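J.: Just need the structure, nothing else, for what follows:
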Amino acid sequence: MRNSAYSKALNAYAVANSTVPPLVAVVRLYERAMIHLHAARDAAAARRFDDHHAAIQRAVMVFAGLDSILIFDKYEDVAWTLRRFYRRLIAQAGAAASRKDPVAACESLISQTSFMLKAWQAIAAERGGPSTVVGAPAKGPHASVVGRTMDHAHGGLSA
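T.: Numbering: from 1, shown residues only. Here you go, the predicted structure:
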């Protein structure tokens, strides 16, 4: 049985996926994860560990959602690389609070996520979309988000 928060995250992704082009949805998800990671870092620095934990959990939900929609039928190597990346981030995030320096642990997560966010933004710019999608309109031509790893075109969530 699935965790209700996890199910809600998947449902939210499915709704977002149906209303925005897939590339925009992926960039927005990375941006959302960055917001949560910054909040977790700031909460850890202020020694507000309940807030830190909550923010980490929200970032983990984004990564778990991204991981859950990977489709391995096409370009399997890329999908496996992304799966390892997401799962590594989830494991590191889960251990962040128990590290001697949780702020540094969050900084590492922010750095790794920022690298991927910039990569997805570059893909968006290369494909004629905005390089950043904050506030981008929900309507527009359907963009295939690196269709070799995710089948967003049909809104399919893989098991």
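J.: Not counting sequence-adjacent ones, nearest residue to I110?
T.: Excluding the flanking residues, the one nearest I110 by CB to CB, 6 or more residues apart in numbering is L37, at 4.9 Å. No exception for glycine: its C-beta is placed from N, CA and C like everyone else's.
J.: right, and the one you found touches C106 too?
T.: Yes. Checked against CB atoms under 8 Å, the pair L37 and C106 is within contact range at 5.9 Å.
J.: Need the residues touching each of these two.
T.: Listed as contacting both L37 and C106 by CB atoms under 8 Å, 6 or more residues apart in numbering are I56.
J.: Show me the helices in this protein, by range?
T.: Secondary structure of the chain (DSSP state H): helices at 4-19, 22-45, 49-68, 76-95, 102-126.
J.: Lowest average pLDDT across those?
T.: Of all the helices of the chain, the minimum mean pLDDT falls on helix 4-19 (a mean of 63).
J.: and the gap between A43 and S98?
T.: Separation of A43 from S98 (CB to CB, to the nearest Å) stands at 15 Å.
J.: Looking at those two, which one has more neighbours?
T.: Between A43 and S98, counting by other CB atoms under 10 Å, A43 is the more crowded of the two (22 against 8).
J.: Just confirm that one contacts A59, I think it does.
T.: No. Between A43 and A59 there is no contact under CB under 8 Å: 11.9 Å.
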